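>>> Sequence first, then the predicted structure, then my questions.
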Amino acid sequence: MSQGCWHGGLASYEGLLQILLADPRACAHVKKMVFRGDGQPLSNEDLKEYFDKDVLFKLLENYISQPRGVEFNAARFAEVYNTVEAALLNDCHLVYSLAPIFSFIGSDSPIRLDDASVIRLASDADFAEITMRAPGIMSGMGKVKWIVETESRISGVTGVGVPSDLERLEDILTAIRLTVEGGAHCKFLFSTRKGDLSAASAALLSPAHVGNPSEIRSEESVTSLVDVFKNLRSKKPPTLRFALRRFNQAFERTQIEDRLVDLVIVLESLLVRDGNQGEVAYKFRMRTAAMLGDGESLEYRRNVRDIAKVAYNFRSSIVHGTPEEPLNIRKKLSRLEIWNPADLTKRVESYAREALKRLLLSPQLGDPESLDNLLLS
């Protein structure tokens, strides 16, 4: 066994050997000091800098758990080491994640969102892998046919629970919800190191409580989904982050009134950024009609204005603890050919969806002056 400096597999091999020899179960009489290029012994800082902690722990576990005598088994150590050498010597490693989509109907062909993300039909192998590695989170999987698969190259010192993969999945769900109505959601994200299923993690996510499924089957809806996702990944302005978060939270609510409150807040945060200057209710209904009715008939804009007015007042009565009588609400809604609060919430959801998509493409449209200019056009 060579002593010495940091180069190639030799340095990593000897660094790992030193750890093994320090273990109380390792051979007591095999004591060799490994040195850096400057002749100094390896320190804990050296190990942290050069080696992925998760890989080291797995290697130690695999090696030490094997039956062996008092003599150091160099052949066995080399066998275990070779399986993880690439991860040790590279600055990054590949992690892939799977997230089954509930309440979703997709295309039979894979939907490629970008180089690292695809929505595809789930296979028996997917279910077998998740069941084997995380059996406690498989409830309801019998209803799932589609799955999100993502890949990420991450730092060698990072574990398999990848925040970037979770953010990517959230953007995928947001893109689906901005493209079509419905309750598509994921209950968990399962991540594992490519080629090493022993290094895995599972993140639990909030389910949606919207009854009808999201359908992305037509060529038009697939194209729209891909475009929205790419815009979310590349153009998401800070001014939309709060609105997007509240839009997604609306899908997690179990009560219609709570969903309506979230969706009205989405529109208010987008269209009444100067709300501290007064006349919020008036700005809300007029600017909603101006943005969503741009290019539409006067009758359509009036209808949007009147629905926005009822929705805003309904939301205010809820948050201020003075809810209107159901009969009064139904009377106001029936004049607009809306028959119950659930239908009103669905209409406001469509307004929030359209406003978010337009502002995602053209953030400047949310400027108060630009919105007011639409009123004059």
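Thanks, I have the structure now. Numbers count the residues shown, from 1 in each chain.

>>> Roughly how far does residue 181 sit from residue 212?
7 Å (CB to CB, to the nearest Å). All C-beta atoms are positioned from the backbone trio N, CA, C, and that covers glycine.

>>> now swap in residue 97 and tell me
Residue 97 sits 27 Å away from residue 212, taking CB to CB as the criterion.

>>> Of the two, which one has the most company?
Set side by side, residue 97 and residue 212 show more neighbours around residue 97, with 27 against 11, by other CB atoms under 10 Å.

>>> My read is that that one contacts residue 188, right?
No. Residue 97 sits out of contact with residue 188 when judged by CB atoms under 8 Å, with a separation of 10.1 Å.

>>> Residue 186 against residue 176, yeah?
No. Residue 186 lies out of contact with residue 176 (CB under 8 Å); the separation is 10.2 Å.

>>> Now do the same for residue 254: helix, strand or coil?
Using DSSP: H, G, I helix; E, B strand; the rest coil, the structure places residue 254 in coil.

>>> Can you give me every residue that contacts it?
Residues in contact with residue 254, defined by CB atoms under 8 Å, 6 or more residues apart in numbering, are residue 209.

>>> any idea how far it lies from residue 316?
Going from residue 254 to residue 316 by CB to CB gives 22 Å.

>>> domain parsing for this structure?
As assigned by automatic domain parsing, the chain contains the domains 8-89, 92-204, 236-376.

>>> Just give me the lowest mean pLDDT stretch among these.
Per-stretch mean pLDDT for these is lowest at domain 8-89 (a mean of 49).

>>> buried set for stretch 98-117?
With burial defined by 16 or more other CB atoms under 10 Å, the residues of stretch 98-117 counted as buried are 98-104, 106-107, 111, 113, 116-117.

>>> Spit out the contact partners of residue 249.
residue 262 are the contacts of residue 249 under CB under 8 Å, 6+ apart.

>>> Please repeat the previous calculation with a cut-off of 10 Å.
206, 258, 259, 262, 263, 265, 266 (CB atoms under 10 Å, 6 or more residues apart in numbering).

>>> Residue 301 now?
Neighbouring residues of residue 301 by CB under 10 Å, 6+ apart: 286, 288, 289, 290, 291, 292, 293, 294, 295, 374, 375.

>>> ok, it to residue 338 distance?
On the measure of CB to CB, residue 301 and residue 338 end up 17 Å apart.

>>> picking that back up, next, show the common contact partners of residue 181 and residue 212.
With CB under 10 Å, 6+ apart, residue 181 and residue 212 have common neighbours residue 346.

>>> and the spatially closest residue to residue 116 that is not a sequence neighbour, backbone torsions?
In space, and not counting its chain neighbours, residue 116 is closest to residue 151: 4.8 Å by CB to CB, 6 or more residues apart in numbering. Residue 151 adopts backbone torsions of phi -130, psi 140, taken as degrees, to the nearest 10.

>>> Tell me the bridge partners for residue 151.
residue 96 (DSSP bridges).

>>> That one: neighbour count?
16.

>>> and if you look at residue 328?
By other CB under 10 Å, 11 other residues sit near residue 328.

>>> Make sure I have this right: it is in a helix.
Yes. The assignment for residue 328 (three-state DSSP) places it in a helix.

>>> Check the gap between it and residue 282 for me.
22 Å.

>>> If we only consider the buried residues of stretch 98-117, which is nearest to residue 356?
For the buried residues of stretch 98-117, the minimum distance to residue 356 (CB to CB) is 18.1 Å, reached by residue 113.

>>> Not counting residues beside it along the chain, what's closest to that closest one?
residue 229 (4.9 Å).

>>> Tell me which helix or strand the one you found sits in.
According to DSSP states H and E, residue 229 maps onto helix 219-235.

>>> What of residue 215?
strand 214-216.

>>> what do you get for residue 295?
Element membership of residue 295, judged by DSSP H and E, is empty: it is in no helix or strand.

>>> for residue 201, same thing?
In the assignment (DSSP H and E), residue 201 maps to strand 196-204.

>>> For this structure, which segments count as helices?
Counting by DSSP state H, the chain has helices at residues 8-22, 44-50, 53-64, 74-89, 124-133, 163-179, 219-235, 238-252, 256-271, 280-292, 298-319, 326-334, 341-361, 368-376.

>>> returning to that earlier point: list buried residues within the contacts of residue 301.
286, 288, 289, 290, 291, 292, 293, 374.

>>> Same list as before, the helices of the chain that is, but in TSV and with distance to residue 192 included.
Output for the helices of the chain, formatted as TSV (distance: least, CB to CB, whole Å):
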stretch	distance to residue 192
helix 8-22	22
helix 44-50	23
helix 53-64	11
helix 74-89	13
helix 124-133	7
helix 163-179	11
helix 219-235	23
helix 238-252	26
helix 256-271	34
helix 280-292	44
helix 298-319	43
helix 326-334	50
helix 341-361	32
helix 368-376	47
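
>>> quick one: which of these is nearest residue 147?
Distance to residue 147, taken as CB to CB, is lowest for helix 124-133 among those, at 5.7 Å.

>>> Show me what the closest one is packed up against.
For helix 124-133, the packing partners by 3 or more CB pairs under 10 Å, 6 or more residues apart in numbering; DSSP states H and E come out as strand 92-102, strand 146-155, strand 188-193, strand 196-204.

>>> Mind checking these for the one nearest to residue 364?
Among those, the nearest to residue 364 by CB to CB is strand 146-155 (31.6 Å).

>>> All set now, cheers.
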